[in-house]
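> pasting the sequence and the predicted model now:
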Amino acid sequence: MHRTITVTYTEEMVRDAVKTFVLRRLIVNQKRLWVAEIAIISLFLWQLWSDGAGWPVGVLGAIAFLYPAMIVLAWVAHYRNTVGKFRKMATRQATFTLRDEGFDVASELGSAQIPWSTVTEIWQRPTYWMIFTAINQFMTLPIQAASVDDLDFLKSKLRSPISR
């Protein structure tokens, strides 16, 4: 049994997917890192207030800006990759074929066969789903052309729950 869905992407959708990924994966889900970031900034400010000079202040300042800089770099990398691929598509369409053992995705840029076992999580958005095959690797499935049966079939094949 298989189900085929032809989907159409919009630039707004792919840009929102990048924004959602960066905000959720690198900002909201990193509470421990943000606690460490606040501690480092506090120590940096205390060092500035105490003596205000020396290499320890410079090192703390560099460390304090390291994680925010990494977030910006990740945003730029994902944006260029995702939106760049979208802009290379003339038709802006892809075909998803849902099968019992996995799914296929094909567009003018290429194709892939993905077994269900490699899907680590799905984030549900109002107009699309983000299907993750690694912690930092996802594909976008616009759901406007998918039937409720198609989405239920996809949900039934997942080992982890869908996040909203």
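Nice, I can see it. Numbering: from 1, shown residues only.
> can I see the domain layout of this protein?
What the record gives for the chain is the domain set 2-9+90-163, 15-87, from automatic domain parsing.
> identify the residue nearest the geometric centre of this protein.
Nearest to the geometric centre of the chain sits Phe21, at 3.2 Å (CA atoms, centre = their mean).
> contacting residues for the closest residue in space to Arg99 that isn't next to it in sequence?
The shortest distance from Arg99 to any non-neighbouring residue, by CB to CB, 6 or more residues apart in numbering, is to His2 (4.6 Å). Where C-beta positions appear, they are placed from N, C-alpha and C, glycine not excepted. Neighbouring residues of His2 by CB atoms under 8 Å, 6 or more residues apart in numbering: 97-100.
> tabulate the domains of the chain (JSON lines), appending mean pLDDT.
What follows is the domains of the chain, written out as JSON lines (pLDDT from 0 to 100):
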{"stretch": "domain 2-9+90-163", "mean pLDDT": "92"}
{"stretch": "domain 15-87", "mean pLDDT": "87"}
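> longest helix of this protein?
helix 55-88 (DSSP state H).
> what is the helix or strand following that one packed up against?
On the C-terminal side of helix 55-88, the nearest following helix or strand under DSSP states H and E is strand 93-99. Secondary structure elements in contact with strand 93-99, counted by 3 or more CB pairs under 8 Å, 6 or more residues apart in numbering; DSSP states H and E, are strand 2-8, strand 102-107, helix 148-156.
> give me the angle between strand 93-99 and helix 148-156.
For strand 93-99 against helix 148-156, the angle by axes from the mean of the first three to the mean of the last three CA atoms, to 10 degrees is 60 degrees.
> let me know the angle separating strand 93-99 from strand 102-107.
Going by the same axes, to 10 degrees, strand 93-99 makes 170 degrees with strand 102-107.
> give me the buried positions along strand 93-99.
Residues of strand 93-99 classed as buried: 94, 96-99 (neighbour count, 16 or more other CB atoms under 10 Å).
> go on, stretch 85-92?
In stretch 85-92, counting by 16+ other CB under 10 Å, buried: 86, 92.
> what distance separates the start and the end of it?
Stretch 85-92 has its terminal residues 10 Å apart, counting by CA to CA, to the nearest Å.
> rewinding a little: elements contacting the longest helix of the chain?
Against helix 55-88 (3+ CB pairs under 8 Å, 6+ apart) you get helix 11-21, helix 31-50.
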